[in-house]
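*Asks:* need coordinates for the following:
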Amino acid sequence: MPEGIQVGPLFIHFYGVIIMVGALGAAWMADRQARRCGLDPELVWDMLPWLLIAGIIGARIWHLLTPPESMVKQGLTTYYYLTHPLDAIAIWKGGLGIPGAVMGGVLALYLYSRKKKLNFFTWLDIIAPGLALAQGVGRWGNFINQELYGAPSDLPWAIFIDPAKRLPGFENISHYHPLFLYESIWNLLNMVFLLWVGRRFLDRLKPGDIFLCYLVFYPVGRFLFEFLRLDASKLGGLNANQTLMAVIALLSAAMLFLRHRRSGQATVGEENAS
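*Replies:* Just a heads-up that it's a prediction; the model follows:
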């Protein structure tokens, strides 16, 4: 499967094109959400380059800090990348970690919000559905690079992986779970869920609630999908991404519960006082 096209002296990687399509889709959705909230949609397009750059940098850093086992066995460790900076920035070869992308984007949004004196949590909520959309689209870049597939499978929807892209020990196995597709569908469902929550519970939501819902929904799926992954990133013997997802989902769910439990108790207290 071709990974790009040659246009004159330039080679255009489909991976990068797909990421940009996802980013533009996210911005379009955030634009609509901002209008719905009565906020200036131009802010979305103004902050987009900063969030995109920070997200890509964060995604690459996360990948370099948590390389999968197959890369470690090839000597492509964190130390290797620290001593080979040109390889460290070669994102066109693949290797972007979603947790780092979210962290980088959130940090950029925080700094932008402070500079523009915006409500950081409100804008987190505005961006959350578009973020899920961008992830859903972006996973197809993994399909192009054949770098995110699951365990061997003979299911009707199993995908063929080129011999050159197969992991050591699996050279003679041709078909695998389309893990990229599972994650893409899960992210699109997350987008729909967040949009529904924003409308269904509009009068009960607090700033930041929708983003907290994102931090529950996506990690739950990612945690489960990691069981199918052949080439997990390990830290201290633990699956780094799976462990992080479990912690984030639990903390976010607890935060949602506590902030609404307190508001519920306050309402009861006010009624008793009257």
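*Asks:* return the set of buried residues in the helix or strand harbouring A101.
*Replies:* Element membership of A101, judged by DSSP states H and E, is helix 98-116. Neighbour-count burial for helix 98-116, counted by 16 or more other C-beta atoms under 10 Å, picks out 98-106, 108-109, 112-113. C-beta here means a position set from N, CA and C on the backbone, and glycine is covered the same way.
*Asks:* what pLDDT, on average, does that helix get?
*Replies:* Model confidence over helix 98-116 averages 95 on the pLDDT scale.
*Asks:* next SSE downstream of that helix?
*Replies:* Sequence order places helix 120-145 as the next helix or strand after helix 98-116, per DSSP H and E.
*Asks:* now do the same for that following helix: mean pLDDT, whole number.
*Replies:* According to the model, helix 120-145 has a mean pLDDT of 94.
*Asks:* ok, then the element right after it?
*Replies:* Sequence-wise, the next helix or strand downstream of helix 120-145 (DSSP H and E) is strand 159-160.
*Asks:* so what's the residue nearest the centre of the chain up against?
*Replies:* Nearest residue to the geometric centre of the chain (C-alpha atoms, centre = their mean): I98, 3.9 Å. Listed by C-beta atoms under 8 Å, 6 or more residues apart in numbering, the contact set of I98 reads 59, 62, 135, 222.
*Asks:* now these as CSV including distance to A128?
*Replies:* Supplementary listing: the contacts of I98 in CSV, determined by distance: C-beta to C-beta, whole Å:
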residue, distance to A128
A59, 17
W62, 19
Q135, 11
R222, 16
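*Asks:* quick one: contacts of stretch 190-207?
*Replies:* Counting by C-beta under 8 Å, 6+ apart, stretch 190-207 makes contact with 29, 33, 119, 121-122, 124-125, 128-130, 132-133, 135-136, 209-210, 213-214, 217-218, 221, 259-260, 263, all of which sit outside it.
*Asks:* report the buried members of those residues.
*Replies:* For the contacts of stretch 190-207, a burial check counting by 16+ other C-beta under 10 Å picks out 29, 33, 121-122, 124-125, 128-130, 132-133, 135-136, 209-210, 213-214, 217-218, 221.
*Asks:* before we move on, the earlier item: mind giving me TSV with the buried residues of helix 98-116 and columns for distance to L228?
*Replies:* As requested, these are arranged in TSV below (distance: C-beta to C-beta, whole Å):
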residue	distance to L228
I98	16
P99	18
G100	21
A101	21
V102	21
M103	24
G104	26
G105	26
V106	27
A108	32
L109	32
Y112	36
S113	37
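*Asks:* for those, which one is nearest F160?
*Replies:* F160 has its nearest neighbour among the buried residues of helix 98-116 in I98, at 24.9 Å by C-beta to C-beta.
*Asks:* how near is that closest one to P41?
*Replies:* Using C-beta to C-beta, to the nearest Å, one obtains 26 Å as the distance from I98 to P41.
*Asks:* next: Y176.
*Replies:* Using C-beta to C-beta, one obtains 41 Å as the distance from Y176 to P41.
*Asks:* next: V17.
*Replies:* On the measure of C-beta to C-beta, V17 and P41 end up 25 Å apart.
*Asks:* burial measure for S252, as a count.
*Replies:* The local packing of S252 (other C-beta atoms under 10 Å) involves 19 other residues.
*Asks:* contact partners for the nearest residue to it once chain neighbours are set aside?
*Replies:* Setting aside the residues directly before and after it, S252 is nearest to L215 in space (C-beta to C-beta, 6 or more residues apart in numbering), at 3.8 Å. If you count contacts by C-beta under 8 Å, 6+ apart, L215 has them with 248-249, 252.
*Asks:* what sits against W28?
*Replies:* Contacts of W28 (C-beta under 8 Å, 6+ apart): G130.
*Asks:* for A26, same thing?
*Replies:* Taking C-beta under 8 Å, 6+ apart, we find A26 in contact with 127, 130-131, 133-134.
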